[in-house]
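K.L.:
task: produce atomic coordinates for the following.
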Amino acid sequence: MMGGRRRGMQAPDSSWPGFVDALSSLLLVIIFLLSMFVLSQFFLGQAITGRDQALAELRGQVAQLGNLLKLEQQANSTLRTSMTDLAASLNVANADRDKISADLDALRSAFTVSDTRLAEMTAARERFEADAADLTEKFGLSAAALSEEQVLSRRAQAQVIQLQNNITALREQLARLSNALDASDERDRRNQAVIVDMGRRLNRALASKVQELAGYRSEFFGRLKEVLSTRPEIRIEGDRFVFASELLFASASAELGPVGRAEMRKFAETLVSISKEIPGELPWILRVDGHTDKRPISNALFKSNWELSSARAISVVEFLIEAGVPASRLAAAGFGEHQPIDPADNIFAYGRNRRIEMRLTQR
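P.N.:
Next comes the predicted model:
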């Protein structure tokens with residue numbers, strides 16, 4: 001029994017040191033995880049800061065494009081204001097002409113009434129003269145009666161003369177009004193000719209700019225056909241160059257791959273060469289449109305096909321800017337899956353709908 005007590009006193013309790021080691025290991029793991037979390041937050045903040053700077057630059061470029069558009073709109077507004085003023089002058093001249101025409105009609109009516117009264121007075125005078133002659137012949141009126149009739153006849157003649165003078169004055173006034181109406185018609189014709197001439201000159205200028213841009217667009221398409229005709233992934237549909245997304249980007253990515261960068265470099269070199277030949281006053285722009293298929297996407301970078309298509313279009317625009325294309329001549333747009341070329345529901349239709357379209361157009 002004494003030996004058992006000695007053995008009990010000699011055996012130490014080892015549970016406490018093992019618990020301390022476990023806690024120390026757990027604490028080291030937690031410190032390591034917190035360090036990794038802090039590092040990831042730091043790198044993530046750096047990436048977000050770089051994107052904010054790029055977004056600010058793009059906003060500045062959009063503001064510049066907006067200012068240029070406002071200048072063009074002001075010029076168009078000035079032309080429209082000039083045409084509106086001329087149209088208002090024409091309306092005023094038409095109103096004056098209508099008023100003169102109304103006055104002329106009133107004078108013609110008065111002239112007709114005067115002619116009627118003159119005819120009545122003339123007929124009355126003739127009746128008076130006939131009656132006087134009859135009375136003289138039949139009854140032998142006295143000299144006093146005959147003198148009275150003569151007085152009446154002279155009065156009637158005076159009234160006829162006055163009416164004739166009034167008619168003459170009315171005719172002169174009618175002639176003046178007719179001359180004024182002719183002058184107003186001549187002003188109307190001149191104003192109308194000016195408006196027609198301005199419209200023709202504006203249409204000729206617009207048609208000339210459109211034809212000139214169409215000529216450069218044809219040359220641009222011809223050169224790009226020669227440069228890019230070896231790639232089956234590049235198609236020409238109407239007035240657009242269509243690049244298959246598989247040629248430029250990896251799946252669910254907006255970063256240009258090596259093959260895509262090589263093709264975009266050829267495209268940029270051709271565009272820079274053509275842009276040097278296009279006059280600076282032509283308002284041309286290269287629009288880059290991003291499209292996806294209708295299968296939904298949701299990952300850490302892109303929450304929807306809208307974001308993926310827009311990011312791909314912006315990536316192409318940024319590469320073209322780096323290759324020397326002026327930023328003021330570029331525009332990027334994303335359409336997601338909402339403008340498909342092929343509405344079918346199979347992998348071939350999906351491949352055709354995933355694309356980047358480029359179009360040379362006006363602002």
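K.L.:
burial count for residue 359?
P.N.:
Residues near residue 359, counting by other C-beta atoms under 10 Å, number 16. All C-beta spots, glycine's among them, are computed from the backbone N, C-alpha and C.
K.L.:
bridging residues for it?
P.N.:
Taking DSSP bridges, one obtains residue 287 as the residues bridged to residue 359.
K.L.:
hang on, residue 348 packs against residue 293?
P.N.:
No. Contact criterion C-beta atoms under 8 Å: residue 348 and residue 293 do not qualify, at 10.7 Å.
K.L.:
which one of the two is surrounded by more residues?
P.N.:
Between residue 348 and residue 293, counting by other C-beta under 10 Å, residue 293 is the more crowded of the two (21 against 9).
K.L.:
so who does residue 268 touch?
P.N.:
By C-beta atoms under 8 Å, 6 or more residues apart in numbering, the contact set of residue 268 is 319-320, 323-325.
K.L.:
any of those buried? List them.
P.N.:
Applying 16 or more other C-beta atoms under 10 Å to the contacts of residue 268, the neighbour count classes 319-320, 323, 325 as buried.
K.L.:
low-confidence ranges, the stretch 51-200 of the chain, go.
P.N.:
136, 139-146, 149, 197, 199-200 (pLDDT under 70).
K.L.:
go again using 50 as the cut-off
P.N.:
By pLDDT under 50, the stretch 51-200 of the chain contains no weakly predicted segment.
K.L.:
mind listing the helices for the stretch 251-363 of the chain?
P.N.:
258-277, 305-322, 347-353 (DSSP state H, counting those that start in this stretch).
K.L.:
of these, which stretch is the most buried?
P.N.:
Of all those, helix 305-322 has the most neighbours on average by mean count of other C-beta atoms under 10 Å, namely a mean of 21.
K.L.:
for that helix, the averaged confidence score.
P.N.:
Mean pLDDT, helix 305-322: 94.
K.L.:
cool, and stretch 269-280?
P.N.:
In this model, stretch 269-280 has a mean pLDDT of 78.
K.L.:
how far away is the closest residue to residue 349 other than its chain neighbours from residue 326?
P.N.:
Here the nearest residue to residue 349 in space, its sequence neighbours aside, is residue 342; by C-beta to C-beta, 6 or more residues apart in numbering that works out to 3.9 Å. Separation of residue 342 from residue 326 (C-beta to C-beta, to the nearest Å) stands at 34 Å.
K.L.:
equivalent analysis for residue 346, please.
P.N.:
Distance of residue 346 to residue 326, computed by C-beta to C-beta: 41 Å.
K.L.:
which of those two has more neighbours?
P.N.:
Ranked by neighbour count (other C-beta under 10 Å), residue 346 and residue 326 place residue 326 first, with 13 against 8.
K.L.:
still on that earlier bit, between the contacts of residue 268, which is closest to residue 283?
P.N.:
Nearest to residue 283, judged by C-beta to C-beta, of the contacts of residue 268 is residue 325 at 15.9 Å.
K.L.:
that closest one against residue 275, yeah?
P.N.:
Yes. Here residue 325 reaches residue 275: they are 7.2 Å apart, a contact under C-beta under 8 Å.
K.L.:
quick one, helices of the stretch 1-150 of the chain?
P.N.:
Assigned by DSSP H, counting those that start in this stretch, the stretch 1-150 of the chain shows helices spanning 2-10, 15-139, 143-228.
K.L.:
now mean neighbour count too, for these, in TSV please.
P.N.:
As requested, those are exported to TSV (neighbours: other C-beta atoms under 10 Å):
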stretch	mean neighbour count
helix 2-10	8
helix 15-139	11
helix 143-228	13
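K.L.:
closest to residue 267 out of these?
P.N.:
Comparing the helices of the stretch 1-150 of the chain by their distance to residue 267 (C-beta to C-beta), the top pick is helix 143-228, with 6.8 Å.
K.L.:
for residue 132, give its distance to residue 114.
P.N.:
Counting by C-beta to C-beta - residue 132 and residue 114 are separated by 26 Å.
K.L.:
so what's the gap between stretch 57-64 and the chain middle?
P.N.:
For stretch 57-64, the gap between its own C-alpha mean and the chain's C-alpha mean amounts to 20 Å (C-alpha atoms, centre = their mean, to the nearest Å).
K.L.:
could you dump it to PDB, C-alpha only?
P.N.:
Extracted in PDB, the C-alpha atoms of stretch 57-64 (Å, rounded to 0.1, in the frame of the first residue of the first chain):
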ATOM      1  CA  GLU A  57     -10.500  59.500 -67.800                       C
ATOM      2  CA  LEU A  58     -13.400  58.000 -69.800                       C
ATOM      3  CA  ARG A  59     -15.800  60.500 -68.200                       C
ATOM      4  CA  GLY A  60     -13.600  63.300 -69.300                       C
ATOM      5  CA  GLN A  61     -13.500  62.000 -72.900                       C
ATOM      6  CA  VAL A  62     -17.300  61.700 -72.800                       C
ATOM      7  CA  ALA A  63     -17.500  65.400 -71.600                       C
ATOM      8  CA  GLN A  64     -15.300  66.500 -74.500                       C
END
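K.L.:
understood, closing this out.
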